[in-house]
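Student: okay, sequence plus prediction incoming.
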Amino acid sequence: MLGLPLAAVYTEVTRRLIRSVQYAEDKATARRSAAIAAAKLVVRNLSWLIGEALFAETIFNFHGLGQLMVVAANQRDPAFAQAILLTATIVAVALSLVVDLVVGAFVPGWRAVER
């Protein structure tokens, strides 16, 4: 449900990436570039999905980090709310770092940047 608004964006990006692979001369490089672009798109939207989880869990009474955040805010417990926010931030940053490291491993031109 949370990913539904992004489904159209993911579908369009995937369709364009598949077309670019079909018409490319070097299929292996095109496939690798398409996979990297798709992975970066998903990771960049991860923080949006975490934020939307807060609303969905509150509205539909699901038990998760979003509902814990609301409970912490209602009970005026800033330390607990900050811990939940810090956990979500660390997860988002770690996943972004992993994707960037994978991109650096697969695309040699991105590793050697001259300044």
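Tutor: Yep, that arrived.

Student: what comes up buried for the longest helix belonging to the chain?
Tutor: Ranked by residue count and defined by DSSP state H, the top helix of the chain is helix 78-106. Applying a neighbour-count criterion of 16 or more other CB atoms under 10 Å, one finds Ala81, Ile84, Ala88, Ala92, Leu95, Val99, Val103 buried in helix 78-106. Yep, even glycine has a C-beta here, placed from its N, CA and C like the rest.

Student: in CSV: those, plus distance to Ala35.
Tutor: Shown next, in CSV, are the buried residues of helix 78-106 (distance: CB to CB, whole Å):
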residue, distance to Ala35
Ala81, 37
Ile84, 32
Ala88, 26
Ala92, 20
Leu95, 16
Val99, 11
Val103, 10
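
Student: and which of the residues you listed is nearest Ser20?
Tutor: Ser20 lies nearest to Val103 out of the buried residues of helix 78-106, by CB to CB, at 17.0 Å.

Student: the residue nearest to the closest one when sequence neighbours are not counted: neighbouring residues, count only.
Tutor: Nearest residue to Val103 in three dimensions, chain neighbours excluded: Ile36, at 5.1 Å (CB to CB, 6 or more residues apart in numbering). For Ile36, the neighbour count with other CB atoms under 10 Å is 18.

Student: what about Glu25, which helix or strand?
Tutor: Using DSSP states H and E, Glu25 maps to neither a helix nor a strand.

Student: so how many other residues sit close to it?
Tutor: 6.

Student: lovely, talk soon.
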